[in-house]
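1. need a structure here:
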Amino acid sequence: MTTMPPCADTPLAREQAGLDACVHCGFCLQACPTYLALEDENDSPRGRIVLMRALADGTLPPSDADLREHIDRCLGCRACETACPSGVPYGHLLEATRATLRGGQAPTVAARALLRVFSHRPLMRAAMALARLLAATPIPTLLMKLPGRIGFGMAMLAATEFPLERAKYRAEGNGENGSAALLLGCVMEGLFTDTNRATERVLIRNGYEMVAAPSQGCCGALHAHAGDLDAARRLARRNIEAFERSGARYVVTNAAGCGAMMKEYDHLLSGDAEWSERARAVSSRVRDVSELLAAVGPQSGGVLPFTVAYDAPCHLQHAQRVTTAPIAVLEAIPGIQLVPLDESDQCCGSAGIYNLIEPETSNAVLARKLDRIVASHASLVATGNPGCLMQIGAGLLRSDMQARVVHPIDLLDASYAAD
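-> Sure thing, here's the model as predicted:
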């Protein structure tokens, strides 16, 4: 009688081809922020794949504490995928491993509660409303220097304030470049509402017609990264229906993590006969806002005299492989002086809810990022993901640095307002 390994017929077992693709060459080591910060082979992509293989073949049980620790420490930034010559789908392996380890449960009670809020629209809207009210008071600024998670959380809220004077204008366009429906997002619509409106104005000015997708919700990225693939699939199906009904030629995102998730709905639902083709069709229409603007050549606006460093969100550069389009957006702004940021392709340590469940490692990764920002002498750091905006922004505020963080679309919108 043959004994099946403990992880047979699990999400990880179904990703066996990805595990087999790794040849342990080590090119991923210097691309991995946790390896650079902790200098432990077990906290590198290559080391974690060894652990994943041991889990898959039954050498290590799912209850092994060290296995869980090293898997939990992974940021999921996917920088290793860019560096890998063998095409290992590390992001999919990580999600499958976490789903296998916990049967779809997030690692802590706090993380599970947070994911539950994001998966239920009424709870999410209430939570975001409370966060907006708090952010509008002096409380986050007063408390942001407190030690621990409370202080950092306050600093993250304080970082949602737009660092420039924001002037509204009426956007006009002819819609000649096609229709687009914006993924509003959870944190983007909740805490960066003005950035969403700026995204709509900028796209209209550049020849896109904006249409609504009213039944949309959370993209499911946070749930997938935590291993709750069932919740991620439920959320994906809801969004697929919403954007199908919109009839839009493009589904546009201004949050790198959400865009990466939606572009991979076809993989998430690949085993679902009813939804796989619909998922593929919607995924093929997803674009980051910078991609749509770069495709038509973004119009120039008024002068903004700022020194700007671009920090690439991990899930834009490494998951979506969008690298030049955000630069094209920034270069369309007269007066902007773009300065290089060393290790701009490295993670800032945010990684969804990672900074809440692994604060020590997150802070170590962020410290390296802040050092590079100081060396750049930039007055503004531009990045296109809400987690990065809040993580880097909080680090800058708590370190008493003069630089501030901003979404590239907000800069282009400010340039149009100044025109």
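2. Secondary structure element for the residue most central in space within the chain, which one?
-> Note on the chain: the residue nearest the mean C-alpha position is Gly257, at 2.6 Å, using Cα atoms, centre = their mean. Under the criterion of DSSP states H and E, Gly257 resides in helix 256-263.
3. now that helix: mean pLDDT?
-> For helix 256-263, the mean pLDDT works out to 96.
4. who does whatever helix or strand comes next after it touch, helix- and strand-wise?
-> Stepping forward along the backbone from helix 256-263, the first helix or strand reached (DSSP H and E) is helix 265-268. For helix 265-268, the packing partners by 3 or more Cβ pairs under 8 Å, 6 or more residues apart in numbering; DSSP states H and E come out as helix 229-246, helix 276-283. Just so you know, the C-beta spots here come from the backbone N, C-alpha and C atoms, and that holds for glycine as well.
5. List the buried residues of the longest one.
-> Taking 16 or more other Cβ atoms under 10 Å as the neighbour-count basis, helix 229-246 is seen to contain the buried residues 229, 231-233, 235-243, 246.
6. Centre of the chain to the helix holding Gly257, how far?
-> In terms of Cα atoms, centre = their mean, to the nearest Å, the centre of helix 256-263 is found 7 Å from the chain centre.
7. how about it as CSV, C-alpha atoms only?
-> Taking only C-alpha atoms (Å, rounded to 0.1, in the frame of the first residue of the first chain), the coordinates of helix 256-263 have been written out as CSV:
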residue,chain,number,x,y,z
ALA,A,256,0.2,48.1,-8.4
GLY,A,257,-0.8,45.2,-6.1
CYS,A,258,-4.4,45.3,-7.3
GLY,A,259,-3.3,45.4,-11.0
ALA,A,260,-1.0,42.4,-10.6
MET,A,261,-3.8,40.4,-8.9
MET,A,262,-6.4,41.2,-11.6
LYS,A,263,-3.9,40.4,-14.4
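8. Can you list the neighbours in contact with that helix?
-> Applying Cβ atoms under 8 Å, 6 or more residues apart in numbering, the set of residues contacting helix 256-263 from outside is 183, 185, 188, 219-221, 224, 232, 236, 239, 251, 253, 268, 282-283, 286-288, 313-316, 319-320, 352, 384-385, 387-388.
9. That one relative to helix 229-246, how many degrees between them?
-> Computed with axes from the mean of the first three to the mean of the last three Cα atoms, to 10 degrees, the direction of helix 256-263 lies at 80 degrees from that of helix 229-246.
10. before we move on, the earlier item: now go through the contacts of helix 256-263 and say which are in strands.
-> Per DSSP state E, strands hold the following members of the contacts of helix 256-263: Val251, Thr253, Val286, Arg287, Asp288.
11. quick one: which of those residues is most hemmed in?
-> By neighbour count, taken as other Cβ atoms under 10 Å, the most surrounded of these turns out to be Thr253 (30 neighbours).
12. is it true that that residue touches Ser290?
-> No: counting by Cβ atoms under 8 Å, Thr253 sits too far from Ser290 to count as a contact (10.0 Å).
13. buried ones in stretch 31-43?
-> Under the neighbour-count criterion of 16+ other Cβ under 10 Å, stretch 31-43 has Ala31, Cys32, Pro33, Thr34, Tyr35, Leu36, Ala37, Leu38, Asn42, Asp43 buried.
14. Considering those residues, which is situated nearest to Leu101?
-> Checking the buried residues of stretch 31-43 against Leu101 with Cβ to Cβ, the nearest one is Asn42 at 15.2 Å.
15. I'd like the distance between the residue nearest to the closest one when sequence neighbours are not counted and Pro359.
-> Using Cβ to Cβ, 6 or more residues apart in numbering and skipping residues adjacent in sequence, the residue nearest Asn42 is His70, 4.5 Å away. If you measure His70 against Pro359 using Cβ to Cβ, to the nearest Å, the figure is 17 Å.
16. of those two, who's got more company?
-> Residue environment comparison for His70 versus Pro359 gives the larger neighbour count to His70, 21 against 15, counting by other Cβ under 10 Å.
17. any idea which element that one lies in?
-> The secondary structure element spanning His70 is helix 65-72 (assigned by DSSP H and E).
18. helices and strands around the helix or strand following that helix, which ones?
-> In the C-terminal direction, the helix or strand that comes right after helix 65-72 (DSSP H and E) is helix 79-83. Contacts defined by 3+ Cβ pairs under 8 Å, 6+ apart place helix 79-83 against helix 90-102.
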